[in-house]
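# Would you be able to build a 3D model of this:
(2 chains, ligands or ions: 2)
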Amino acid sequence: MTAASVARRKPMSENPDMGHPSGFSGDKKSNGAVSLPRMLVRSLKFRRARSLSALAALTVSAMVATALLTLYADLDAKLHREFRSFGANVVATASGAVALDEGMLRQVQGVVGADVTVAPIAYAVATTDRGTSVVVAGVDFAAMQKLDSWWKVDAWPAGTNDALLGQRAAGFIANEREVTLSYAGKAVTLHGAGRLSTGGDEDSRIYVPMAAFTAWTGVQPTVLEMQVPGGAERVNAAIAALQRAMPGLHVEPVRALVAGESRIVDRTHSLMYGAMLLIALTVAISVLATLSASVLERRRDFALMKALGASQGQLIGHFLLEALVIAAAGGVLGYVLGSGVAWAIGEWNFGTATLPRVSLLPVVLALNLAIAAAAALFPARVLRGLQPAALLKGE
Amino acid sequence: MKMVSEAQRQHAEAMLEHAMPVIQLVGVSREYASRSGVVRALDDASFTIGAGEWVAITGPSGSGKSTLVNLLGCLDTPTSGKLTIDGEEVHAMSGSELDRFRADKIGFVFQQFHLIPYLSALENVMLAQYFHSMTNADDARRALERVGLGARADHLPSELSGGEQQRVCIARALINDPPILLADEPTGNLDAANQKIVAGILRELHAAGSTIVMVTHDPEMAALAQRKIALSHGKVFCHPVQHVVVKLAQ
Ligand SMILES: Nc1ncnc2c1ncn2[C@@H]1O[C@H](COP(=O)(O)OP(=O)(O)OP(=O)(O)O)[C@@H](O)[C@H]1O
Ligand SMILES: [Mg+2]
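Residues are numbered from 1 along each chain as shown, chains lettered A, B, ... in the order given. Ligands and ions are numbered 1, 2, ... in the order given. Here you go, the predicted structure:
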């Protein structure tokens, strides 16, 4: 026996040589004290300020992206796909010499089906007793009441000579009990039965029963407002059927959003993507700064792990995972906040409910993960060039 | 008893050199490129360290001690020469092979401890298991008990004294049962009392069969080792293996 043969180590543990794990999965039998998730959480908590600043930036990016994409998708749908959910969803206008008389009305009703509410409307510009011009509409109040049940009306007219006064139009009239209007030299006196307020054009009109209107003005209805029940397919079918059967009518759908609002959306379209890109860049730079500081602060920790046998891939993977965990948390948080912002903006600016879109969550998450991964790329290079020898030397 | 013939001494040296050298350097150099030219931090070093030996590396500041320890620890690779550790040619290994090799063969003890601040003493020990193979809390706890820290297992490094932190480092270095323990100034940051404790632990480890390579400035610590490897300007001067010779002669 030589002296050297004394030199066999006493085993410290019964752990046989297990071979190197390829990833972080080598702790299956562990009691969890040093598992990857636990290390991540501890590490993130330890540098709370840095973690929170990265989280804040990544929450903002997700929030802005969610808000913009939700609003855009929602307005786009309302503009191009969704039909108005209340009031008329199809409008037919008589073009040229076509008269929308009783016979024509029956024909239209036959084409679209009996369950469709069809309301004919005739328009004329009359003068009030104060000398102001006002749009007077001849309507079938029964049909109108069904079609526009959402109108705020204090009392629907019942008598043959009763008129419904729009909120603003009422201001042009001296005596609401005896409303005197003149059209083409012919005067008529109506009884103002109720007031109407919709917040739209209707407010400056005066609605008169069709029989009284035609007797007074001699003007025939030019517009048919229709409410087709049963969803988009049915509406599209009704429009197609009308266009086929009655070429003299100009038939159009009424979308959830009207043209004036649509212009805002179209104008902001490219602006929106530009803003999103800028915000993504800003956030990426801010996260990059945070992660760079974080990796520099921890060079020694990483050098130590390297000395303990961690591979390059493990270190970079560990670091990247930290960034991605923050990005995912920020993504979810930002998605919730952004959906709220979109709802508020939709409510205030367009008066329509903008509901959260779950389909955007993966998009926003992917965007956030991409930002974080891109931002982690540079700091990860620090890990690649890591020189544990120099870092651990002791200076 | 002390009288040992020259032939016996040579025989003993030959045995050490040829039987089970756990570390073998043949013409190993490490050069650093700097602005003022090439620095030869280690110059043509050739020696072997036998399994179970306790070697102290000494020399003035800047003589290349850390450079040598980093090479032995596979944290760095030689510019030229052959370095064999536990029978494997380290100088020819790739980066990832070195990572693996390091986890298996080397336990490090640093002057600055280098514990992960957000992990407890126990978890710091388990981190070494983690990068090696599997974590096992019971083994890790036993390792802490072995350095007298069983009661402090759940403390964070910031809650431990310097001496206690260094003992956690030793437990971490030992947990995977590596054939070589490398310590660069293990007591450099410790007071006399803690130095004594750490020295005691190293002595126990050596008695249990560990191979210890230790850099030290402290003659008292160096005296504990069986053999000194002195460095000066990157050149190696090996001292005779007196302890071994004495043992053989008994
Ligand atoms: N990364 C490096 N780049 C350039 N020169 C280096 C580098 N590391 C060490 N050196 C040089 O190599 C020589 C040996 O350095 P080393 O750190 O090995 O000395 P040492 O003996 O450990 O000193 P100390 O006792 O002060 O720790 C020194 O001259 C040093 O300046
Ligand atoms: Mg040194």
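# Mind listing what's buried along stretch A:140-157?
A:140-141, A:143-145, A:147-148, A:151, A:153, A:156-157 (16 or more other CB atoms under 10 Å in any protein chain shown). From N, CA and C alone the C-beta is placed, and that goes for glycine too.
# Likewise for stretch B:186-206?
By neighbour count with 16+ other CB under 10 Å, stretch B:186-206 contains the buried residues B:186-190, B:194-195, B:197-199, B:201-202, B:205-206.
# what's that stretch in contact with?
The list of residues contacting stretch B:186-206 from outside it, by CB atoms under 8 Å, 6 or more residues apart in numbering or on different chains, reads A:394, B:52, B:54, B:109-113, B:146-148, B:161-163, B:166-167, B:169-170, B:174, B:181, B:183, B:212, B:214, B:216-218, B:220-221, B:224.
# Now the buried members of these.
The neighbour-count test (16+ other CB under 10 Å) marks B:52, B:54, B:109-113, B:146-147, B:163, B:166-167, B:169-170, B:174, B:181, B:183, B:212, B:214, B:216, B:218, B:221, B:224 as buried among those.
# Inside helices: which ones of those?
Assigned to helices by DSSP state H, the following of the buried ones among the contacts of stretch B:186-206 qualify: B:146, B:163, B:166-167, B:169-170, B:174, B:221, B:224.
# what subset of those is also close to chain A?
Among those, the residues lying close to chain A (CB under 8 Å from any CB of the partner chain) are B:146, B:174.
# Need the max-distance pair from the ones in helices among the buried ones among the contacts of stretch B:186-206.
Maximum pairwise distance among these (CB to CB): 20.2 Å, between B:R146 and B:M221.
# can you tell me which residues contact the spatially most central residue of chain B?
A centroid search over chain B (CA atoms, centre = their mean) returns B:L182, at 1.7 Å, as the residue closest to the centre. Contacts for B:L182 were tallied using CB under 8 Å, 6+ apart; they are B:69, B:72-73, B:106-109, B:173, B:213-214.
# repeat that with 7 Å
Counting by CB atoms under 7 Å, 6 or more residues apart in numbering or on different chains, B:L182 touches B:69, B:72-73, B:106-108, B:213.
# Tabulate the CA atom coordinates of stretch A:296-303 in CSV.
What follows is stretch A:296-303, C-alpha atoms only, in CSV (Å, rounded to 0.1, in the frame of the first residue of the first chain):
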residue,chain,number,x,y,z
LEU,A,296,-24.2,43.5,-13.7
GLU,A,297,-25.2,43.6,-10.1
ARG,A,298,-25.3,39.8,-10.1
ARG,A,299,-22.3,39.0,-12.2
ARG,A,300,-20.7,37.4,-9.1
ASP,A,301,-23.8,35.3,-8.4
PHE,A,302,-23.7,34.0,-11.9
ALA,A,303,-20.0,33.5,-11.8
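# and that stretch, average pLDDT?
The average pLDDT within stretch A:296-303 is 90.
# Now residue 161. Its backbone dihedrals?
Assuming you mean chain A. Backbone torsions of A:N161, given as degrees, to the nearest 10, read phi -110, psi 20.
# Can you report how many residues neighbour it?
Around A:N161 there are 15 other residues, counting by other CB atoms under 10 Å in any protein chain shown.
# what about the residue of the stretch 51-200 of chain A found nearest chain B, which helix or strand?
Nearest residue of the stretch 51-200 of chain A to chain B: A:S51, at 11.7 Å (CB to the nearest CB). Per DSSP states H and E, A:S51 falls inside helix A:48-80.
# Quick check: buried residues in that helix?
A:50-51, A:53-72, A:74-76, A:78-79.
# could you pull out the helices for the stretch 151-300 of chain A?
Ranges of helices in the stretch 151-300 of chain A, per DSSP state H, counting those that start in this stretch, are A:210-217, A:231-245, A:259-297, A:299-307.
# do the stretch 1-150 of chain A as well
Using DSSP H, counting those that start in this stretch, helices in the stretch 1-150 of chain A cover A:36-46, A:48-80, A:102-112, A:141-147.
# what's the second one packed up against?
Helices and strands in packing contact with helix A:48-80 are listed as helix A:259-297, helix A:312-345, helix A:360-384; criterion 3 or more CB pairs under 7 Å, 6 or more residues apart in numbering or on different chains; DSSP states H and E.
# Mind checking if the first one is in reach of chain B?
No - judged by CB under 7 Å from any CB of the partner chain, helix A:259-297 makes no contact with chain B; its nearest approach is 10.6 Å.
# What are the buried residues along that helix?
A:261-262, A:265, A:268, A:272, A:276, A:279-280, A:283-284, A:286-292, A:294-295.
# Span of stretch B:80-94 from start to end?
15 Å (CA to CA, to the nearest Å).
# Could you pull up the mean pLDDT of stretch A:145-155?
87.
# now do stretch B:221-229
92.
# Run the chain-centre distance for that stretch.
Relative to its chain's centre, stretch B:221-229 lies at 12 Å (CA atoms, centre = their mean, to the nearest Å).
# residues of that stretch that come out buried?
Within stretch B:221-229, judged by 16+ other CB under 10 Å, the buried ones are B:221-222, B:224-229.
# And stretch A:312-322, by the same measure?
A:314-322.
# Now tell me what touches that stretch from outside.
The contact list for stretch A:312-322 (CB under 7 Å, 6+ apart) reads A:24, A:40, A:43-44, A:295, A:302, A:305-306, A:373, A:376, A:379-380, A:383-384, B:95.
# For the residues you listed, work out which two are farthest apart.
Among the contacts of stretch A:312-322, A:L44 and B:G95 lie farthest apart (CB to CB), at 28.2 Å.
# Pick out whichever of those two has more residues nearby.
A:L44 (20 against 12).
# if we can go back for a sec, so what's the residue of the stretch 51-200 of chain A closest to chain B up against?
A:44, A:326.
# could you check the distance from it over to A:T127?
72 Å (CB to CB, to the nearest Å).
# so where is chain B shaky, pLDDT-wise?
Filtered on pLDDT under 70, chain B yields the residue ranges B:1-19, B:239-250.
# Let's see that with 50 instead.
B:1-2, B:18, B:242-250 (pLDDT under 50).
# ok so, going back, state the distance from the nearest residue to the residue nearest to the centre of chain B once chain neighbours are set aside to A:G351.
In this structure, B:L182 finds its nearest non-sequential neighbour in B:G73, 4.8 Å apart by CB to CB, 6 or more residues apart in numbering or on different chains. Here the criterion is CB to CB. By it, B:G73 lies 71 Å from A:G351.
# if you count what's nearby, which of the two comes out ahead?
Neighbours were counted for B:G73 and for A:G351 using other CB under 10 Å; B:G73 has more, 24 against 10.
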